[in-house]
Every structure is written in structure tokens, then in C-alpha cells.
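[1] Quick one: sequence and predicted model below, then my questions.
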Amino acid sequence: MDLFKDIIGQKKITESLSGAVLNNKLHHAYLFTGSQGVGKEAVALELIKIVNCQPGAGKKGYCGECATCRQLGSFASDDLLYIFPTISKAADTDKVIKEKSVMISAELKEKSKLKGYHKFSFKTGRFITLSQIDEIKYFARYNSINKSRKFVIIYPAELMNKEAQNSLLKILEEPPADLFFILISENASFVLDTIRSRCLNIHFPLLSEKDIENYIGKYHPDVEKDLIPDLVSDSFGSIDTLSKLLTDSGARLSKLHEDLYEIFFDSLPPKTVNLTDAFLEEIKELSDTEIDFILRKTLNKLLSSTFGEDRKESNKIRAAVMNDFEKFGVMYRRNINPRLLMINLYLNFREEYKKWKTR
């Protein structure tokens, strides 16, 4: 039996979690992993509503009408602590603090409207800090007014700094009763092994093209039908990427993809360095989702134009190039010298390209 009704795809995961709810066998801590935009946060938010819905009592899915469902759906519940990288700074004035509060509130409303299928459009902070994890201790101190189960969502979990992860580990070693954790991560390798071992790990695969079509039909029914095939293809199984393509930024992202392709395929030093600097300046304010789209689209075009359909002989080199691009994405998010990362990525690709051409 599947208690989830808002989730696009991920049927095996929702059925497994439904079984855990129905059999009262929820794990005290989950780690949801996978690419951006595949439904990790949406599943987490609906799971919390299913467990705490008053009429449903975890047996029929959530009703969406009771006070508990409405409060959880609008992020206004005392039974949900949502932790993400802080955007506050010590030097913020009262005016700035208020402006940031209004901005976050508006983004949470959009997240609620789209059932969790919405990523913050503003640039979050670099890390989740110790003081934020310390809030869990205060949150856990008081019982729920509605006798509900209390949940902590930490997203992205890989952005907890060392002190924050060590503090969370101590809490997970002796978790308070009726307090559940859902850690969400796109790069779980940056989460301590000892934290991962105390969580039930659930990996979310990319969405299928049919899933993306279903999402468009459900949440964006006004999209012109002749645009749907390209949108589905360019989404790479990610609703986050699709959402960006549906905005005015879609054309700009396509232009940046062409710029990056030119750097790798058509440029030679010293022109490469100048193009790289200009490109990095253009993308410095982009979100992780937007950068992922540019990297994936460029990678696909590079592989296609370099190796064509010859997959058998090029498998090893393809894997090396794909691995280099994946590493770049991870290290770029960690704010490690973007210029050096990009030049190394370029040099590695040109080396693999040379091997292929002189084989």
C-alpha cells in the first residue's frame, strides 16, 4: 500500500516508507541521498504529514485539512525543525534581518505550494553551523502539544561543518524519544561515516522522462505541448533543473552551456584562461541546480561530439571525463579555487581527447 499521493515517481521508496509507517517501524534517522530535484525533500515533507495527520493517524495518508496538516504544510508547526545553511551575518542590521525573514517566508510558501518540489532561489550560506545543530537540543526538550512525533530536517546535510557534524553525532547516539531525523544530501561522502552508519540510507534515482512529463502536467499544465520534449530531455531527470528551464533564466543557462563548450572544445591557451575567467564571473551567483545543468548539458555535448556513437572503444575515456566533471561539481560547491578547478578540468579533458584522437 502506498500512502503517498504528492510524489512524482520513486514508487519503490514511497511503498517502503508506507510499510514502515503502517507497521510502526519508522527508523529514528534517515539519510536521503541522490541528485537534486528527484523528490527527496518532497518525500520527507509528505512523510511527516502522513505520520502526524490527526484523522489519518498514519493509516490512510494525510488529509491536508486538519490543523496539523495545515501547520506542517506551511512550515508553521512546532513539531518540525527545518535546518538549512544560515544566510544571517553578525553585521546584519535589523532592517536586513527583517528583509531576509520576509524572503525566506516567501520561499517556504512556494515550497509548500509545490509540495516540496521547490529549491530556495536565493543563495544560502556556506555551512550549517554548530549553533544551528544546538537548536535541536532545545527543540527536543519539550513534548509536542498535539502529542505528535517531532521531526528534524537537515538539508543539505553535507554542508554541516565539522563541529556541527560532531554535535549531531552525539544526539544521534542517544536520540530523544519521538524525535526523528531526516538528513538530505546530494553529496553524502561529505557526511561523517559515523553519522551515515546511524541513519537508514535511502538513495533516490533520477526521475524518468515519463515522471518529468507527469510533473509538467500536474504543476505546469499551461506549458506548450511542442516545448515538452526538449524540456524533458534537458531536465536530466531533475525537477529542479526543469524549474529553472521554465523561467526566464533558461535562455541564459543555454548560452552559458555554449560558452563552456567553446572553452573545452574550441579554445587553446592563452585564450582558454581568458574565457575561463569570464565564464566563472558569469556563474558565480548561480545556484547549484543551474550550474549542474550547465555541466551536464556541456558534458553530454562533449561526449557526443568527441566520441560519437562509438561507445565500446570509448567507454574508458568517457568514464574518466564523466568522473572529472562530477568531481568538479563537488569541489566547486565546496568553494575550492574555481579557476584552478576549471583549468584542471580543461587540461584533463584535452588529455583524454588527445588519447582518443591518437589511438
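    Right, received. Where do you want to start?
[2] pLDDT-wise, which helix or strand of this structure ranks last?
    helix 94-113 (a mean of 79; mean pLDDT, DSSP states H and E).
[3] next SSE after that one?
    Next helix or strand after helix 94-113 toward the C-terminus (DSSP states H and E): helix 130-141.
[4] where do the strands sit along the stretch 151-300 of the chain?
    Secondary structure of the stretch 151-300 of the chain (DSSP state E, counting those that start in this stretch): strands at 179-185, 200-204.
[5] Strand partners (parallel or antiparallel) of the last one?
    Read it as strand 200-204. strand 29-34 (parallel) (DSSP bridges).
[6] C-alpha coordinates for the helix or strand that the partner strand is followed by, CSV please?
    Proceeding N to C from strand 29-34, the next assigned helix or strand is helix 40-52, under DSSP H and E. The C-alpha coordinates for helix 40-52 follow below in CSV (Å, rounded to 0.1, in the frame of the first residue of the first chain):
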residue,chain,number,x,y,z
LYS,A,40,14.0,13.8,-1.6
GLU,A,41,12.6,16.8,0.2
ALA,A,42,9.1,16.2,-1.2
VAL,A,43,9.1,12.7,0.3
ALA,A,44,10.4,13.9,3.6
LEU,A,45,7.7,16.6,3.9
GLU,A,46,4.9,14.3,3.0
LEU,A,47,6.2,11.5,5.3
ILE,A,48,6.0,13.9,8.2
LYS,A,49,2.4,14.9,7.4
ILE,A,50,1.4,11.2,6.9
VAL,A,51,2.8,10.3,10.3
ASN,A,52,1.2,13.2,12.2
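[7] Please enumerate residues in contact with the helix or strand just after helix 40-52?
    As assigned by DSSP H and E, the chain's next helix or strand after helix 40-52 is helix 67-73. For helix 67-73, the external contacting residues (C-beta atoms under 8 Å, 6 or more residues apart in numbering) are 45, 48-49, 52-54, 62-64, 77-80, 112, 146, 148. Bear in mind the C-beta positions are built from the backbone N, C-alpha and C, glycine included.
[8] Can you mark which positions in stretch 93-110 are buried?
    Neighbour-count burial for stretch 93-110 flags 100, 104, 107-108 (criterion: 16 or more other C-beta atoms under 10 Å).
[9] now those as a markdown table including distance to Y332?
    Output for the buried residues of stretch 93-110, formatted as a markdown table (distance: C-beta to C-beta, whole Å):
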| residue | distance to Y332 |
| --- | --- |
| K100 | 25 |
| I104 | 25 |
| E107 | 23 |
| L108 | 27 |
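[10] Cross-check the contact I'm expecting between I184 and F32.
    Yes. With contacts counted by C-beta atoms under 8 Å, I184 reaches F32, the gap being 4.8 Å.
[11] shared neighbours, those two?
    Joint contacts of I184 and F32 (C-beta under 8 Å, 6+ apart) are 40-41, 44.
[12] Any chance of a PyMOL selection covering the buried ones in those residues?
    Of these, the buried ones can be selected in PyMOL as follows, counting by 16+ other C-beta under 10 Å:
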select buried, resi 40+41+44
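[13] from the shared contacts of I184 and F32, which single one is nearest F307?
    Nearest to F307 among these: K40, at 32.3 Å, using C-beta to C-beta.
[14] Quick check: that closest one vs Q10, distance?
    9 Å (C-beta to C-beta, to the nearest Å).
[15] which stretches of the stretch 201-350 of the chain form helices?
    For the stretch 201-350 of the chain, the helices defined by DSSP state H, counting those that start in this stretch occupy 209-219, 228-235, 239-245, 249-266, 271-283, 288-307, 311-333, 338-357.
[16] thinking again about what came up before, shared neighbours, K40 and Q10?
    Common neighbours of K40 and Q10, using C-beta under 8 Å, 6+ apart, are F204.
[17] Export the strands of the stretch 151-300 of the chain as JSON lines, with columns for distance to K162, mean neighbour count and mean pLDDT.
    Formatted as JSON lines, the strands of the stretch 151-300 of the chain follow (distance: least, C-beta to C-beta, whole Å; neighbours: other C-beta atoms under 10 Å; pLDDT from 0 to 100):
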{"stretch": "strand 179-185", "distance to K162": "16", "mean neighbour count": "22", "mean pLDDT": "96"}
{"stretch": "strand 200-204", "distance to K162": "21", "mean neighbour count": "16", "mean pLDDT": "97"}
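[18] so which of the ones you listed comes closest to R333?
    Checking the strands of the stretch 151-300 of the chain against R333 by C-beta to C-beta gives strand 179-185 as the closest, at 11.6 Å.
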